[in-house]
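Visitor: Got a sequence here, can you build the structure:
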Amino acid sequence: MDIDYALTADHAEIVGGKLYLMGGGWDTTYASEVPAMVRLAIAVGIRVGWTETGQNIPVRVVVEDDDGQVLVSIDGAVTVGRPEGLLPGTPQLTQMAANVAFSAPRYGGYRVMVTTGENQAMTSRSLPFRVAPHPAG
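Guide: The predicted model follows:
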């Protein structure tokens, strides 16, 4: 399997196999003061290979600060079947979205870490972002 995409947004949801995204692809959010309540969405698309269908594939999403302190942790799993008529060898895309809120204790760097699979089949993606003071003006 592989992570096709992983991104931050203001809001994300999966409906009918499609990703609906608002305010996506940012790397800076602004706060008037800290600690600050930060709301973000994390959208992930996982490409599952033919031989990986029917298996429980673990997925972990973590929001952490630059010191590695975990602020949000989501553990789950996906299982992808083989729909009737799917050509042998065809990989499939499964998607997930999480809308979360956390308290950012200070201005600075944070990241979303997305990990899927386990052992040799593990793959991950890091999404760095910043919490910054509102620009003057």
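Visitor: Name the nearest residue to the residue nearest in space to the middle of the chain, ignoring sequence neighbours.
Guide: For the chain, residue 42 is the residue whose C-alpha lies nearest the centre (CA atoms, centre = their mean; 3.9 Å). Spatial nearest neighbour of residue 42, excluding adjacent residues (CB to CB, 6 or more residues apart in numbering): residue 98 at 5.0 Å. Heads up, the C-betas are built off the backbone N, CA and C, glycines and all.
Visitor: mind checking how far that neighbour is from residue 14?
Guide: 10 Å (CB to CB, to the nearest Å).
Visitor: Check residue 101 too.
Guide: Relative to residue 14, and taking CB to CB, residue 101 is found at 19 Å.
Visitor: Could you report the neighbour count for residue 96?
Guide: Using other CB atoms under 10 Å, residue 96 has 21 neighbouring residues.
Visitor: Strand partners (parallel or antiparallel) of the helix or strand that contains it?
Guide: Per DSSP states H and E, residue 96 falls inside strand 92-104. Strand pairing for strand 92-104, using DSSP bridges, gives strand 36-48 (antiparallel).
Visitor: now this protein, which segments are flagged as low pLDDT?
Guide: 137 (pLDDT under 70).
Visitor: re earlier: any buried residues in the helix or strand following the strand holding residue 96, and which?
Guide: Of the helices and strands lying after strand 92-104 in sequence (DSSP H and E), the nearest is strand 108-116. Neighbour counts over strand 108-116 (16 or more other CB atoms under 10 Å) mark 110, 111, 112, 113, 114, 115, 116 as buried.
Visitor: just how off-centre is strand 108-116 within its chain?
Guide: The chain centroid and the centroid of strand 108-116 are separated by 8 Å, computed with CA atoms, centre = their mean, to the nearest Å.
Visitor: For it, give me every contacting residue.
Guide: With CB atoms under 8 Å, 6 or more residues apart in numbering as the test, strand 108-116 has contacts from 1, 3, 6, 8, 40, 42, 44, 46, 57-66, 71, 78, 104, 122-131.
Visitor: List the pairing partners of the following helix or strand past it within its sheet, with orientation.
Guide: The helix or strand immediately downstream of strand 108-116 is strand 123-133, counting by DSSP H and E. Sheet pairing for strand 123-133, assigned by DSSP bridges, gives strand 28-31 (parallel), strand 108-116 (antiparallel).
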